[in-house]
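Colleague: Structural data only, the sequence is not supplied:
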């Protein structure tokens, strides 16, 4: 499948990396002339073009928009010559599907909020579909997004909070892993071992939650035996307002 990614910044680059890991699709990146992007394209092995007209001429099956919100609508206007069957997937925060439909009324539309781990096919992707996405278009959307990570379908009105938890959450987890690393060093682990231990624990905990379908509280109860070490640690987290700190971080990030 021919897939064009418009805007090869941080998120566009992450999406391209994840797509290239699958070795299945013909990937095209579009970006204004930029030495960093040119070097990335050469090293990663995808075609790079510098204009919307070149993208239109390639007739991609799917176009993923990752441009800054303040230029997205102008970019979309230059893509008006795309075939009606080309699926448009927008990752531009703050741009509504209705705004895109006003410019590209015949194309199937979707909006996503991905996070950076899509680069290693372990992303969290909020997905909202446009009103007229039929089975063939949905199959294209699923073909593109499913290999990038966990796709969570929500109404468009909920993409903001999905983006906050999925997009900002990795930074919050990074702070937790850094703190766990410091604690490991305090008790004699070298820094690299402490960080590896923390990252492995987070990875395994996430997989267990996804694969079992158990709630976080149920998973916590599995390892908090009466009078044991873990419940004493949980008590310390509660005493220091850990739960409220996480909720407040989400409040501030989503404000």
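Modeller: All right, it came through fine. Nothing here was measured: the structure is a model prediction, and the numbers come from that model.
Colleague: so what's residue 132 closest to, chain neighbours aside?
Modeller: In this structure, residue 132 finds its nearest non-sequential neighbour in residue 108, 6.3 Å apart by CB to CB, 6 or more residues apart in numbering. (Each C-beta comes from the backbone N, C-alpha and C, glycine too.)
Colleague: Could you check how many residues crowd around the one you found?
Modeller: Neighbour count of residue 108, defined by other CB atoms under 10 Å: 23.
Colleague: what's the spacing between it and residue 213?
Modeller: The span separating residue 108 from residue 213 equals 31 Å under the rule CB to CB, to the nearest Å.
Colleague: The residue nearest to residue 132 reaches residue 90, doesn't it?
Modeller: No: applying CB atoms under 8 Å as the test, residue 108 and residue 90 come out as separate, 11.8 Å apart.
Colleague: Low-confidence regions, the stretch 151-255 of the chain specifically.
Modeller: Low-confidence segments of the stretch 151-255 of the chain (pLDDT under 70): none present.
Colleague: if you set the cut-off to 90 instead, what comes out?
Modeller: Scanning the stretch 151-255 of the chain for pLDDT under 90 picks out the ranges 163, 166-167, 255.
Colleague: any idea how far residue 113 is from residue 92?
Modeller: 10 Å.
Colleague: Ok, residue 18 next?
Modeller: With distances defined as CB to CB, the gap from residue 18 to residue 113 amounts to 15 Å.
Colleague: neighbouring strands for the longest strand out of those in the chain, and are they parallel or not?
Modeller: When the chain is scanned for its longest strand (criterion: DSSP state E), the result is strand 123-129. When sheet partners are counted by DSSP bridges, strand 123-129 sits next to strand 109-113 (antiparallel), strand 149-153 (parallel).
Colleague: what's the following helix or strand after that strand?
Modeller: Elements were assigned by DSSP states H and E; along the chain past strand 123-129, the next helix or strand is helix 135-145.
Colleague: Now do that next one against strand 109-113: the angle between them, please.
Modeller: Here helix 135-145 runs at 30 degrees with respect to strand 109-113, directions being taken by axes from the mean of the first three to the mean of the last three CA atoms, to 10 degrees.
Colleague: For helix 135-145, what does the pLDDT average out to?
Modeller: When pLDDT is averaged along helix 135-145, the result is 95.
Colleague: Is there a neighbour count for residue 234? I'd like the number.
Modeller: When neighbours are defined as other CB under 10 Å, residue 234 has 16 of them.
Colleague: Other residues contacting whatever helix or strand it lives in?
Modeller: When elements are defined using DSSP H and E, residue 234 is found to belong to helix 229-239. Residues from elsewhere that reach helix 229-239 (CB atoms under 8 Å, 6 or more residues apart in numbering): 220, 223-225, 243.
Colleague: Can you list which of those are found in helices?
Modeller: If you go by DSSP state H, the contacts of helix 229-239 have 220, 243 in helices.
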